[in-house]
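> I'll drop the sequence and a predicted model, then ask my questions.
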Amino acid sequence: MNIALIAHDAKKDEMVSLVQQYMDTLAKHTLIATGTTGGRIVEATGLPIVRVKSGPLGGDQEIGAKVSNGEIDMILFLRDPLTAHPHEPDVSALLRLSDIYQVALATNRRTAALLLESL
């Protein structure tokens, strides 16, 4: 399974913690992450991560392209709903694509944990 990992700045520590908690499960899958998030995960866990650009630099769009090409099975996107993001249109497009292509999507830690436990 190809799993995309994305986290807004205020949620990067939470993403690293989530990945550490589910490291054994995630190690069995291909992980794709946006730039900084992927770097933080690699640094903390040593898991192999395919990294795309940072979200504001097009990484969300790169993940979206992979979704539309059938290359992503699950997205764990820890969003910060309390902060404005200049690339919000990219985020909205990614969420829309996950609905169109019926890709499992978690936007908070509790939902992400439920999806990971289902693996």
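Yes, it's here.
> can we go C-alpha only for contacts and neighbour counts from here?
Will do.
> leaving out chain neighbours, which residue sits closest to Glu62?
Val52 (6.9 Å; C-alpha to C-alpha, 6 or more residues apart in numbering).
> quick one, grab the pLDDT at the one you found.
For Val52, the model assigns a pLDDT of 97.
> what of Leu78?
If you check Leu78, the pLDDT there is 97.
> from Met15, how far off is it?
According to C-alpha to C-alpha, to the nearest Å, Leu78 stands 7 Å off from Met15.
> hey, what's in contact with both of those two?
Common neighbours of Leu78 and Met15, using C-alpha atoms under 8 Å, 6 or more residues apart in numbering, are 7, 109.
> Gly46 versus Asn108, what's the distance?
Computed as C-alpha to C-alpha, the Asn108 to Gly46 distance reads 23 Å.
> isn't the residue nearest to Glu62 right up against Gly64?
No. Using C-alpha atoms under 8 Å as the test, Val52 is too far from Gly64 to be in contact (11.2 Å).
> neighbour-wise, which of these two wins?
Between Val52 and Gly64, counted using other C-alpha atoms under 10 Å, Gly64 has the larger neighbour count: 23 against 20.
> from Ala33, how far off is the more buried one?
For Gly64, the distance to Ala33 - C-alpha to C-alpha - is 12 Å.
> Thr37 touches Ala7, doesn't it?
Yes. Thr37 lies in contact with Ala7 (C-alpha under 8 Å); the separation is 6.2 Å.
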